[in-house]
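S.K.: return a 3D structure for these sequence lines:
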Amino acid sequence: MNQKQIFLFLISLFIYTNNYSQDCSCTIEQVESNTVESCNIVIGEVVTISNESEFYSAVNNANNTGGNMTILFMDGEYNLASTSQYPYITASNMVFRSLSGNRDDVIISGQGMQNVNPGTEIGIYLVGDNITVADLTIRNVGNHGIATTSDNHLIHNVKIQNTYEQMIKGNSVGDGADDCIVQCSLFEYTNGIGPQWYIGGLDIHGGNNWIVRDNVFKNISSPSQQEAEHAVHFWDNSGDNIVERNKIVNCDRGIGFGLGSSPNTGGIIRNNMITNDGSGTFHDVGIGLETSPNTEVYNNSIHIAYQNAIEYRFPATMNVQIINNLTNRGITSRNGGQAEESNNYEEANSNWYVDVNEGDLRLIDNISEVTDQGIDLGDLVVVDIDQTQRPQGISYDIGAHELIQENIVDVDMDGYNSDEDCNDEDSAINPDAEEIPNNDIDENCDGVILVIDNDMDGFNSAEDCNDEDSAINSGAEEIPNNDIDENCDGVILVIDNDMDGYNSDEDCNDEDSAINPDAEEIPNNDIDENCDGEILSTSLEETENNDIIIWPNPATDIIHIKTKSIRFSVTITNSVGQKVLVLKNTQTIDISNYKPGLYFISIIDANSIIPVTKMFSIYR
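M.R.: Residues are numbered from 1 along each chain as shown. Coordinates of the predicted model:
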C-alpha cells in the first residue's frame with residue numbers, strides 16, 4: 001500500500017469512527033411523538049439543497065468523486081423517485097438528513113404506492129458503504145423506501161410510509177448488507193393496511209451484525225392472498241443480528257429469523273412489544289424462528305390473536321433459548337424445532353397492561369405472576385424497553401417492561417438504592433458502573449478517580465490521541481506528510497499546495513497541479529510532468545513509412561498526409577482502440593477538437609490492401 005492509499009484509508013477510518021461513535025439514542029415514545037433528537041452527523045463537504053435538481057447535482061458529484069459528503073435538505077417535499085430516476089448512491093461516507101432535524105419537514109416521495117413492475121422505483125438505494133440517512137420521511141414509492149447491498153449504514157429518525165413492497169430491503173448481492181443500524185424510526189401504512197401481501201418492514205437477505213432498535217412498526221398487513229412478510233425479518237444466510245426494544249402493532253407477522261429452509265444463525269430478540277388485535281385477515285405469529293439455530297429470545301411481551309405467540313420450527317432450529325417472555329398465547333415447537341424454555345408466562349391478561357389496543361404492553365401494577373419472576377440474564381438483558389435498568393426489585397420481571405416498584409429509593413433508577421449508590425442523581429454512577437478514566441469522576445463508587453497517562457507526557461489518555469508515544473500529544477508540533485496527527489487536533493497535516501492529490505514530499509513541483517507522479521508526460525516541452533527524473537523528448541517531426549508520410553508529429557490542430565496515390569482511406573483511433581475519425585482522400589485533417597494524447601492513424605491507399613499504421617500525439 002503506497003502513502004497515498006494509506007492516507008485515504010486513514011481518512012476513511014476517521015470518518016467512519018466519528019460517524020458511528022455518536023450516541024444517538026431515543027425511546028419509542030419519542031418516535032411516536034416525533035421528538036427524536038437529531039444525531040447531527042457531518043462527513044466531509046456540506047452541501048445544502050432546496051430542490052430536486054440541486055439534490056441530483058450533489059449526488060452525481062459525490063458518486064463521481066467517491067463520496068465524503070453531507071447533503072442537508074431544506075424543508076419541503078422532494079419528488080426524487082420514479083421508474084426513470086431514483087437516488088442511487090455509489091459513493092461512500094455520505095450523510096443524507098434534514099437541516100432542521102425534524103423528520104416531518106423533509107419528504108422524499110415517489111409516484112405513489114403502486115405496482116411499477118417491470119420498472120424500479122426506490123426512495124434511496126445505498127451501494128456505497130458508511131451512509132447515514134436521518135431525520136426525514138420517505139413515502140409513496142413503487143418498491144422500497146430504502147434498499148442496500150452494502151455495509152455500515154445508520155438509519156436514524158426516518159419515517160417510511162406506504163411503500164408497495166418492503167420498506168427497507170437488504171439485498172443478497174455479494175455477501176449481503178452487514179453491520180447496519182436501524183433505530184428511532186417509524187414504519188407504517190397510514191390506511192391501516194398494505195397494498196398487497198409482498199410487503200414488510202425490514203426484509204434483510206444475508207445480513208449480519210445488524211442492530212434494529214427503538215423503532216415503531218404499524219399496520220404491515222396484507223389485504224389478500226396470504227400474510228404479509230414480517231415487520232423485521234432476517235433470513236437467507238443472515239446471522240448474529242440484534243432486534244430490541246421495538247414496538248410492533250397490528251402487523252401480520254412480528255419478528256422472523258429464517259424462513260422455511262432458508263437459514264438464519266444466532267442473534268438476539270429482546271425487550272420487544274408485539275400486539276395484534278386480529279382484525280386483519282392474515283394475522284400470524286409474533287416471533288417466528290425457522291431454521292434458526294443458536295438464537296436467543298429474551299423478555300419480549302406479546303399479546304396477539306393468533307394461536308401461538310412464539311414458534312420455533314424445523315429440526316435445524318436447535319440450541320435456542322426462550323426465556324422471560326410474557327405472552328397470552330403459546331410458545332410452541334413445530335416441525336421438530338428444539339429450544340430451552342424457561343421462566344416464560346403464557347396466560348397474560350389484557351388488563352395487566354397500559355393499553356393493549358395501542359400496543360402499550362407496559363405493566364400497570366405489580367403482577368405476582370410477572371414481577372420479580374424472571375431469571376437474571378446478566379449482560380444479555382440489562383435494561384427494559386424504556387431502557388430502565390433491570391432489575392428494579394429482587395429479580396427480573398418477565399416481559400419487555402420492568403416495573404418500577406415503590407418503597408425503594410433509587411432516584412436515578414440505575415438498580416442501586418441510595419444507600420449503595422455514591423451519587424443517586426446520576427444513573428451512570430453506581431457500584432457496578434465502568435470507571436471512565438481522566439474525567440475527575442468516581443463512577444464505580446470505589447473512592448478512586450482513574451487517570452491514565454501511559455506515555456507520561458503530561459497528557460492523559462482522554463487528551464492524548466496516542467498515549468503510547470510521548471511525542472504525540474496536544475502540545476506537540478505537527479510534522480507534515482507523515483500520516484501522523486502529532487498534535488491530536490484530528491487533522492493529519494498534508495501539504496499539497498497545488499491540490500493534485502500528491503503531497504509536497506511526493507510531488508516534484510507542488511505549485512503546479514499538472515505536475516505529479518501520476519501525470520501524463522508531454523514530449524518536447526522541457527518539463528518532467530510525472531516526476532520520474534526524465535524529460536521526454538523526440539526530434540521526430542515527420543514519420544515515414546514506405547511511400548506514406550504524416551506530419552507534424554506531435555501535432556496541435558492539423559496533420560498532413562502525403563501518399564503516391566490520390567485515392568486512400570484514413571482511420572484514426574485513440575489509445576483505447578476507439579475509432580474517432582474515418583474519411584477518404586483527404587490530405588489535411590483538422591484535429592483541433594480532439595483531446596491531447598496518443599492516437600493511431602491507419603492508411604490504405606489504392607496500391608495496397610494492407611494498412612500502414614502510425615502513431616502520433618496531440619500536444620497543446
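S.K.: remind me which residues of the protein are low pLDDT?
M.R.: Judged by pLDDT under 70, the chain has its weakly predicted residues at 1-23, 406-408, 537-547.
S.K.: domain map for it?
M.R.: 409-451, 543-618 (automatic domain parsing).
S.K.: what about the helices in the stretch 301-450 of the chain?
M.R.: In the stretch 301-450 of the chain, no segments count as helices under DSSP state H, counting those that start in this stretch.
S.K.: minimum distance to residue 173: which of the domains of the chain has it?
M.R.: Of all those, it is domain 543-618 that lies closest to residue 173, at 28.7 Å by CB to CB. Every C-beta, even on glycine, is put in place using the N, C-alpha and C of the backbone.
S.K.: and residue 580, that's in a strand?
M.R.: Yes: judged by DSSP: H, G, I helix; E, B strand; the rest coil, residue 580 forms part of a strand.
S.K.: which ones are touching it?
M.R.: 572-574, 594, 599 (CB atoms under 8 Å, 6 or more residues apart in numbering).
S.K.: for this protein, which segments are assigned as helices?
M.R.: Ranges of helices in the chain, per DSSP state H, are 3-20, 28-33, 52-65.
S.K.: could I get the domains of the chain as a markdown table with distance to residue 246?
M.R.: A markdown table is the format used below for the domains of the chain (distance: least, CB to CB, whole Å):
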| stretch | distance to residue 246 |
| --- | --- |
| domain 409-451 | 22 |
| domain 543-618 | 53 |
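S.K.: closest one to residue 170 among those?
M.R.: domain 409-451 (32.9 Å).
S.K.: right, and residue 449 touches residue 440 too?
M.R.: Yes: here residue 449 reaches residue 440: they are 5.9 Å apart, a contact under CB atoms under 8 Å.
S.K.: what about those two, which has more around it?
M.R.: Set residue 449 next to residue 440 and count neighbours by other CB atoms under 10 Å: residue 449 wins out with 14 against 7.
S.K.: excluding covalently adjacent residues, which one is nearest to the more buried one?
M.R.: residue 442 (5.3 Å; CB to CB, 6 or more residues apart in numbering).
S.K.: touching, the one you found and residue 431? I think so.
M.R.: No: at 10.6 Å, residue 442 does not count as touching residue 431 under the criterion of CB under 8 Å.
S.K.: which neighbours do these two share?
M.R.: Common neighbours of residue 442 and residue 431 (CB under 8 Å, 6+ apart) are residue 422.
S.K.: which of the two has more neighbours?
M.R.: For residue 442 and residue 431, the more surrounded residue by other CB under 10 Å is residue 442, and the numbers stand at 17 against 14.
S.K.: and that one, how close does it get to residue 456?
M.R.: 23 Å (CB to CB, to the nearest Å).
S.K.: next: residue 74.
M.R.: To residue 456, residue 74 is 51 Å away according to CB to CB.
S.K.: what do you get for residue 223?
M.R.: Where residue 456 is concerned, residue 223 sits at a distance of 70 Å (CB to CB).
S.K.: neighbour count winner among those two?
M.R.: More crowded of residue 223 and residue 456, by other CB under 10 Å: residue 223, with 15 against 8.
S.K.: identify the residue nearest the more buried one in space, chain neighbours excluded?
M.R.: Distances taken as CB to CB, 6+ apart place residue 193 nearest to residue 223, at 5.4 Å, with adjacent residues excluded.
S.K.: was I right about that neighbour contacting residue 220?
M.R.: No: applying CB under 8 Å, one finds residue 193 not in contact with residue 220, separated by 9.1 Å.
S.K.: which residues are in contact with the closest residue in space to residue 535 that isn't next to it in sequence?
M.R.: In space, and not counting its chain neighbours, residue 535 is closest to residue 528: 5.2 Å by CB to CB, 6+ apart. Contact partners of residue 528, counting by CB under 8 Å, 6+ apart, are 508, 515, 521, 534-535.
S.K.: what comes up buried for stretch 609-620?
M.R.: 611-612, 614, 616-618 (16 or more other CB atoms under 10 Å).
S.K.: can you count the residues close to residue 331?
M.R.: Residue 331, neighbours per other CB under 10 Å, totals 21.
S.K.: what sits opposite it in the beta ladder?
M.R.: residue 310 (DSSP bridges).
S.K.: could you work out the most separated pair of the contacts of residue 580?
M.R.: Comparing every pair within those by CB to CB identifies 573 and 594 as the most remote, at 11.3 Å.
S.K.: quick check: closest non-adjacent residue to the residue nearest the centre of the chain.
M.R.: Central residue of the chain (CA atoms, centre = their mean): residue 153, 1.3 Å from the mean position. Excluding the flanking residues, the one nearest residue 153 by CB to CB, 6+ apart is residue 180, at 4.4 Å.
S.K.: cool, and residue 182?
M.R.: Nearest one to residue 182, counting by CB to CB, 6+ apart, is residue 155 at 4.4 Å.
S.K.: give me the number of residues near the one you found?
M.R.: Other residues close to residue 155 by other CB under 10 Å number 24.
S.K.: OK, contacts around it?
M.R.: Contacts of residue 155 (CB under 8 Å, 6+ apart): 132-134, 146, 168, 180-183, 185.
S.K.: buried subset of these, written for PyMOL?
M.R.: This is the PyMOL syntax for the buried subset of the contacts of residue 155, where burial follows 16+ other CB under 10 Å:
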select buried, resi 132+133+134+146+168+180+181+182+183+185
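S.K.: using JSON lines, please lay out the contacts of residue 155 together with distance to residue 60.
M.R.: JSON lines is the format used below for the contacts of residue 155 (distance: CB to CB, whole Å):
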{"residue": "132", "distance to residue 60": "19"}
{"residue": "133", "distance to residue 60": "18"}
{"residue": "134", "distance to residue 60": "22"}
{"residue": "146", "distance to residue 60": "20"}
{"residue": "168", "distance to residue 60": "24"}
{"residue": "180", "distance to residue 60": "25"}
{"residue": "181", "distance to residue 60": "27"}
{"residue": "182", "distance to residue 60": "27"}
{"residue": "183", "distance to residue 60": "29"}
{"residue": "185", "distance to residue 60": "27"}
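S.K.: hmm, residue 554 is touching residue 599, no?
M.R.: No: assessed by CB under 8 Å, residue 554 is found out of contact with residue 599, at 10.3 Å.
S.K.: could you measure from the residue nearest to residue 323 when sequence neighbours are not counted over to residue 463?
M.R.: Take residue 323 and drop its neighbours on the chain: the residue closest to it by CB to CB, 6+ apart is residue 342, 4.8 Å away. According to CB to CB, residue 342 stands 48 Å off from residue 463.
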